[in-house]
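Participant: Predicted model and sequence below, questions to follow.
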Amino acid sequence: MRLLVLALALGLCACKPRAEAPQEAQPPAAPRQDAVRTQGAAPRSPEAQRLERGRYLVENVLACGACHTERDWTRYGGPVKGAPLSGACQDEQWGLPGRVCSPNITSDPEHGVGKWTDAELLRALREGFGRDGRVLVPMMPYLFYRELSDEDAKAVVAWLRQVPPSSKVVARSSLPEEMMSSLDGLASALPGPVPPPAEDPVSRGRYLTQVAQCAACHAGMDEAGTPFAGGRPMPTPYAPEVASNLTPHAQGLHTLSEEAFIARFTAFRDMAPTPSAKGQVNKLVMPWGFFSGLSQEDLRAMYRYLRTVPAAAPARAAESP
């Protein structure tokens, strides 16, 4: 129940408007990677650019495969072991009061989302309504995806359309009735179009940390769930893993350089997974394997935004991010 309640409570908390922290002077932004082309290369079509953006969002920023793909939890980091986006389930071993299943979202028309319309996919992604109108369990982080710009949301849908179909049948979630009834009213229609973030690194970093749901797991232990303060023990089948402090606090990012922050992500790109072990941190909660593919430009933007949030003391000593 802890993970589900956490997703619900922190989603509601993190989506409330809050005052922006004073911004420090920022180094000049590096050229946008999607604007840099190899000299002499033919420009990509708008369709190709949208697909590439959708792939990057699904596979890295949103880390959809962290829940919608079978993973080998017996290995450090939980590497992927099933067909991408063909669905997977989690149960009591993860602190849940029952079974939560992330469905098959491949292009398969019978067992995936091949027959869904674009409008239905967008509604599920950002508003929290299933195709049948039911409210989705908030482990599908639509409370955070509400901030996805219209163009990014359409890019996600475009990429899902061409994910190789899988005929895998995924069980339905099984949770206490009182919990399901408490979700009523959580999903809601967007009030209007969602524009992209401003081009400056801090604004883009805020956008990325929001849609990547960083504030959900890294919230503080206090009643308000202070964003990025860390300290929450997150259940896993082997041992709880404590979410780190991502604020500029002395026990957070205070002494961590931008380059070191980037290196902690990119180090997972070529890691050979070792067996998970009871009682140790096996890096199963933070989806490092997916986030390791984030571009250096985006990691820099996230770091620069995190340096502007108010420093907050963690409730307990937390591991490094």
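Facilitator: Now that the structure is in, tell me what you want to look at.

Participant: just the strands in the stretch 51-200 of the chain please.
Facilitator: Secondary structure of the stretch 51-200 of the chain (DSSP state E, counting those that start in this stretch): strands at 88-90, 100-102.

Participant: Low-confidence ranges, this structure, go.
Facilitator: Applying pLDDT under 70 to the chain flags residues 1-42, 316-321.

Participant: Return the residues in contact with the residue lying closest to A155 once chain neighbours are set aside.
Facilitator: Closest residue to A155 apart from its sequence neighbours, by C-beta to C-beta, 6 or more residues apart in numbering: G54 at 3.7 Å. (Glycine included, C-beta is placed from N, CA and C.) The contact partners of G54, taken as C-beta atoms under 8 Å, 6 or more residues apart in numbering, are 155-160.

Participant: and of those, the nearest to G252?
Facilitator: V156 (30.6 Å; C-beta to C-beta).

Participant: I figured that closest one hits V61, correct?
Facilitator: No. Applying C-beta atoms under 8 Å, one finds V156 not in contact with V61, separated by 9.6 Å.

Participant: picking that back up, for the contacts of G54, pick the one with the most neighbours.
Facilitator: V156 (25 neighbours; other C-beta atoms under 10 Å).

Participant: what separates that residue from C214, distance-wise?
Facilitator: Between V156 and C214 the computed distance is 18 Å (C-beta to C-beta, to the nearest Å).

Participant: For the residue nearest the centre of the chain, give its distance to S167.
Facilitator: Central residue of the chain (C-alpha atoms, centre = their mean): A212, 3.4 Å from the mean position. Distance, A212 to S167, using C-beta to C-beta: 30 Å.

Participant: go on, K81?
Facilitator: With distances taken as C-beta to C-beta, K81 is found 17 Å from S167.

Participant: what do you get for R131?
Facilitator: Going from R131 to S167 by C-beta to C-beta gives 19 Å.

Participant: again, but for G289
Facilitator: Plainly put, G289 is 25 Å away from S167 if you go by C-beta to C-beta.

Participant: Show me which of the two is the more surrounded one.
Facilitator: Each of G289 and S167 has its neighbours counted (other C-beta under 10 Å); G289 has more, 21 against 13.

Participant: wait, what's in contact with that one?
Facilitator: 77-80, 268.

Participant: What is the nearest of those to S174?
Facilitator: When these are compared against S174 (criterion: C-beta to C-beta), the nearest one is G78, at 22.3 Å.

Participant: My guess is that closest one contacts R71. True?
Facilitator: Yes. Checked against C-beta under 8 Å, the pair G78 and R71 is within contact range at 4.2 Å.

Participant: okay, the two: which has more neighbours?
Facilitator: G78 (24 against 20).

Participant: Nearest residue to the residue nearest to the centre of the chain in space, please, no chain neighbours.
Facilitator: Nearest one to A212, counting by C-beta to C-beta, 6+ apart, is V61 at 5.5 Å.

Participant: Share the number of residues neighbouring that neighbour, please.
Facilitator: By the measure other C-beta under 10 Å, the count of residues near V61 is 23.

Participant: Quick check: it touching Q210?
Facilitator: No. Taking C-beta under 8 Å as the definition, V61 is not a contact partner of Q210, at 10.4 Å.

Participant: tell me which residues in stretch 144-157 are buried?
Facilitator: Within stretch 144-157, the residues that count as buried by 16 or more other C-beta atoms under 10 Å are 144-148, 152-157.

Participant: Can you tell me which of the residues you listed end up in helices?
Facilitator: Under the assignment DSSP state H, the buried residues of stretch 144-157 contribute 144-145, 152-157 to helices.

Participant: Make JSON lines from those and add distance to M302 to it.
Facilitator: What follows is these, written out as JSON lines (distance: C-beta to C-beta, whole Å):
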{"residue": "F144", "distance to M302": "14"}
{"residue": "Y145", "distance to M302": "17"}
{"residue": "D152", "distance to M302": "16"}
{"residue": "A153", "distance to M302": "20"}
{"residue": "K154", "distance to M302": "23"}
{"residue": "A155", "distance to M302": "19"}
{"residue": "V156", "distance to M302": "19"}
{"residue": "V157", "distance to M302": "24"}
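
Participant: of all these, which comes closest to H111?
Facilitator: Using C-beta to C-beta, V157 comes nearest to H111 of those, at 18.2 Å.

Participant: Leaving aside the residues adjacent along the chain, what's closest to the closest one?
Facilitator: What sits nearest to V157 in space, not counting adjacent residues and going by C-beta to C-beta, 6+ apart, is L121, at 4.8 Å.

Participant: what do you get for L125?
Facilitator: Using C-beta to C-beta, 6+ apart, the nearest residue to L125 is Y145, at 5.5 Å.

Participant: can you tell me which residues contact that neighbour?
Facilitator: Y145 makes contacts with 62, 125-126, 153, 211, as judged by C-beta under 8 Å, 6+ apart.
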